[in-house]
Every structure is written in C-alpha cells, then in structure tokens.
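*Asks:* What follows is a predicted protein model with its sequence.
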Amino acid sequence: MSTQPETAQAQSPEPEDDDPPGPERLLALSDGVVAIALTLLVLDLKVPTHDMVHNARSSSDLFTAMGHNADQVISYLVSFYVVAQFWLAHHRIFRQVTGHNEGLAWWNFGFLFAITLIPFTSGLLGEFFAGNMLLASLTTQATARYVRNHGLVSSKYSAEQHRAGQVRSATVAGIMLVSIAVAWVSPDDAKYIWIAIAFLPDLIIRATRPRSAAAHGG
C-alpha cells in the first residue's frame, strides 16, 4: 500500500491561526473606515427648511437665509479635505509596506480611532477638532516610523521618502498646535489656520530637502 498521500499531507504547512492580518487587509479596512467617516461628515449639513424656501423670492434671498449655515459648510469642506489628506498619507506609507506584525495592526487601529472621531469633532471645530487632527497626525507619523524601524517596508522605500513623510506629519501637527492656541481666543478664526495644510508641508519639504536629493530630482 502506498503511503505517498500521507507523506504529502504531513509535509504541507498548516496556516497559523494567530497570524496578524496582512498589509492588504489592513489597507482595505482603513479604506472602508475612511469612506464611512467621509460619508458621515455630510450629515452635519442642514437642508433649507420649507419656510426658508417658501419665503425666498430669489436665489439671492435663499442664499442669504442660509447664511447661518455657513460655518457648517466650512466645517464640512475643511474636514473633508483634511481626511482626504490623511488618507493620502496613509497610502503613501502602506504603498511601501511588504511585511506585517501585530504592532503594525495596532498602530493602524490608532490611526483609525482618530479618523472615526472626525465626524464628531468637525461639528465642534475649535480646539476639539484641532486636537483630533493632532492625534491623527501623530498616529500617522508613529506608523511610518514603526514600519521603517521594524523592517516592514520595501527596499525601494528611500530615506528621502521617509523624511518627506515625517516632515509632512510634523508640519500638520505643528499647524494643529497653533490652531489650538488660537482657538482659545477665537474658535472661528482657528479653522482658517488649517488652510495651511494645503501648501505648508510641501513648501517645508522642498526647503529642507538635501542638496543631493534636490539635484537628483531636478
């Protein structure tokens, strides 16, 4: 009687039940959470009431009547843009991740925790939203540092890419700290400081880029 099936079965590796999820699953989970957070943001926008529409004699009158919702619209736009920026930063990190362990999963959950708070703190604005963004920035920065220090990134992930990601996260954190200070004086003015997220990180990355990298990049 042949024993070949038994030998083949004995040599086949068995899956490890306690293996942490791979980077692809972490990325898919993160994409889903970010998509839900972006969707929930729009729930704070209020549609015009029947009286507002009925009493408005022109589009200008309707726009004026909706003026008290301007803060909510600004809050939505700023929050949407900030979440989109964090999603892009998250993908810059995971685009280079080739390995995984449980520590990476927990740092990713820390990032998702900060993202899920945004639909709540976006309605509060001021120091609450800025503090939320500071937490998201710090967890993003910590995740990038973790994957590099534990050798979980591709060999193509250069030191310049890592430096750019760290500068971007640190700049966002600095912007949020400044806005928290301003919010104690004027919560309405604090949100305008967040506009700096659109351009300041890239300006600092270019200004602090090593000469060799700048020359190589043209």
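*Replies:* Alright, I've got the coordinates. None of these values were measured; they are calculated from a predicted model.

*Asks:* thought Gln161 was touching Gln96?
*Replies:* Yes - judged on CB atoms under 8 Å, Gln161 makes contact with Gln96 at a distance of 7.3 Å. Glycine gets a C-beta too; all of them are placed from N, C-alpha and C.

*Asks:* just for this structure, where's the confidence low?
*Replies:* Judged by pLDDT under 70, the chain has its weakly predicted residues at 1-21, 47-70, 125-126, 211-218.

*Asks:* Closest to the mean position in it, which residue would that be?
*Replies:* Here the mean C-alpha position of the chain is nearest to the C-alpha of Phe86 (CA atoms, centre = their mean), at a distance of 2.2 Å.

*Asks:* how about the closest residue to His90 other than its chain neighbours, phi and psi?
*Replies:* Closest residue in space to His90, ignoring its immediate chain neighbours: Ser30 at 6.0 Å, by CB to CB, 6 or more residues apart in numbering. Note on Ser30: its backbone torsions stand at phi -60, psi -40 [degrees, to the nearest 10].

*Asks:* burial count for Ser30?
*Replies:* Residues near Ser30, counting by other CB atoms under 10 Å, number 19.

*Asks:* Now do the contacts for it.
*Replies:* Counting by CB atoms under 8 Å, 6 or more residues apart in numbering, Ser30 makes contact with His90, Phe94, Asn108, Phe111, Leu112.

*Asks:* next one: Ala196
*Replies:* Contacts here follow CB under 8 Å, 6+ apart; on that basis Ala196 touches Ile175.

*Asks:* where does it sit relative to Gly103, distance-wise?
*Replies:* Applying CB to CB, to the nearest Å, the value for Ala196 to Gly103 is 32 Å.

*Asks:* now Ser75
*Replies:* Distance from Ser75 to Gly103, by CB to CB: 35 Å.

*Asks:* More neighbours: which of those two?
*Replies:* Neighbours were counted for Ser75 and for Gly103 using other CB under 10 Å; Ser75 has more, 21 against 14.

*Asks:* wait, doesn't that one sit right on Asp44?
*Replies:* Yes - at 6.7 Å, Ser75 counts as touching Asp44 under the criterion of CB under 8 Å.

*Asks:* Need the overlap of contacts for these two.
*Replies:* Common neighbours of Ser75 and Asp44, using CB under 8 Å, 6+ apart, are Ser122, Gly123.
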